[in-house]
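Need the 3D shape of this:
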Amino acid sequence: MPVFDKIAIVIPSLNPDDKLLKVVNGLISCGFLNLIVVNDGSGPDKASYFERVAALPGCTVLTHAVNRGKGRALKTAFSYILEHRPDCIGAVTADGDDQHHPDDVAALAAALIEDDSALILGARDFSQPGVPARSRFGNRITALVFGLLCRQKFSDTQTGLRAIPRKMLPGLLTVTGERFDFETNMLLFLYKNRMPVREISIQTIYLEENASSHFHAVFDSLS
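Numbering: from 1, shown residues only. Below is the predicted model:
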């Protein structure tokens with residue numbers, strides 16, 4: 001089993017359930033030794049999930065007193081990595097709702113270790129049956145806007161599974177957007193600064209019609 005001791009996993013989390021623990025344990029089983037979970041202002045009834053995560057080996061929980069949005073949660077983790085994880089060569093962001101398979105997270109981490117010159121997107125296939133309409137629609141909007149602005153086409157601009165080289169993290173801290181818009185703005189920032197982005201195909205997993213997602217297809221795609 002590979003040991004990903006120089007890759008930090010970043011998991012923003014708002015009002016999680018047991019799936020968060022499944023995700024974290026799955027990543028630990030894959031050989032990840034440095035997991036950073038950001039509690040983005042979850043309710044007090046969810047505290048036990050974060051306490052259980054913090055007790056697991058290699059896990060750090062950072063907490064926002066109030067909900068500040070996914071973008072801010074990612075920036076909080078990026079700042080923490082730059083200050084407290086000097087040996088990390090980069091970070092892989094993942095969602096805590098069990099819609100990113102640990103094998104796909106490991107594939108992106110391995111790709112980043114092999115070549116840290118580009119940000120790597122874990123790209124889903126939206127043409128598959130079972131993809132919720134709001135997810136297909138939201139991705140279609142952001143892909144269209146991104147293509148018009150940057151003349152660059154990606155199959156999945158909304159993916160939360162991204163491998164980010166350490167050298168890109170300081171610049172990403174300056175990117176505007178505190179919520180889901182940060183993920184689109186991140187790609188725009190990289191384009192404007194001529195930083196490379198590439199894709200790796202991952203499994204397309206949606207649980208319960210993506211009911212656990214806090215993403216709003218229209219508002220967050222156009223923000």
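
Where does pLDDT dip in this protein?
Within the chain, the ranges that satisfy pLDDT under 70 run 1, 126-143, 145, 147-148, 205-223.

What's the end-to-end length of stretch 174-194?
Length of stretch 174-194, first residue to last, CA to CA, to the nearest Å: 16 Å.

so how far is that stretch from its chain's centroid?
Chain-centre distance of stretch 174-194: 13 Å, with CA atoms, centre = their mean, to the nearest Å.

repeat for stretch 118-127
12 Å.

for this protein, what spans make up the strands?
Using DSSP state E, the strands of the chain run over 7-13, 35-40, 59-64, 90-93, 119-123, 162-165, 197-201.

Okay, the spatially most central residue of the chain and residue 44: tell me how far apart.
For the chain, residue 93 is the residue whose C-alpha lies nearest the centre (CA atoms, centre = their mean; 3.1 Å). Remark: distance between residue 93 and residue 44 (CB to CB, to the nearest Å) = 26 Å. Where you see a C-beta, it was placed from the backbone N, CA and C, and this is true even at glycine.

And for residue 120?
To residue 44, residue 120 is 36 Å away according to CB to CB.

Neighbour count: the two, which is higher?
Per other CB atoms under 10 Å, whichever of residue 120 and residue 44 has more neighbours is residue 120, with 24 against 6.

Who are the contact partners of that one?
By CB atoms under 8 Å, 6 or more residues apart in numbering, the contact list for residue 120 reads 108, 111-112, 162-163, 197-200.

Mind listing the residues bridging to it?
Beta-bridge pairing for residue 120 (DSSP bridges): residue 163, residue 198.

CSV please, covering the strands of the chain and showing distance to residue 100.
Formatted as CSV, the strands of the chain follow (distance: least, CB to CB, whole Å):
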stretch, distance to residue 100
strand 7-13, 9
strand 35-40, 13
strand 59-64, 17
strand 90-93, 9
strand 119-123, 7
strand 162-165, 10
strand 197-201, 12
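
Now do the contacts for the nearest residue to residue 77 once chain neighbours are set aside.
Sequence neighbours aside, residue 10 is the residue nearest to residue 77 in space, at 4.2 Å (criterion: CB to CB, 6 or more residues apart in numbering). For residue 10, the contact set (CB under 8 Å, 6+ apart) comprises 36, 38, 74, 77-78, 81, 91-94.
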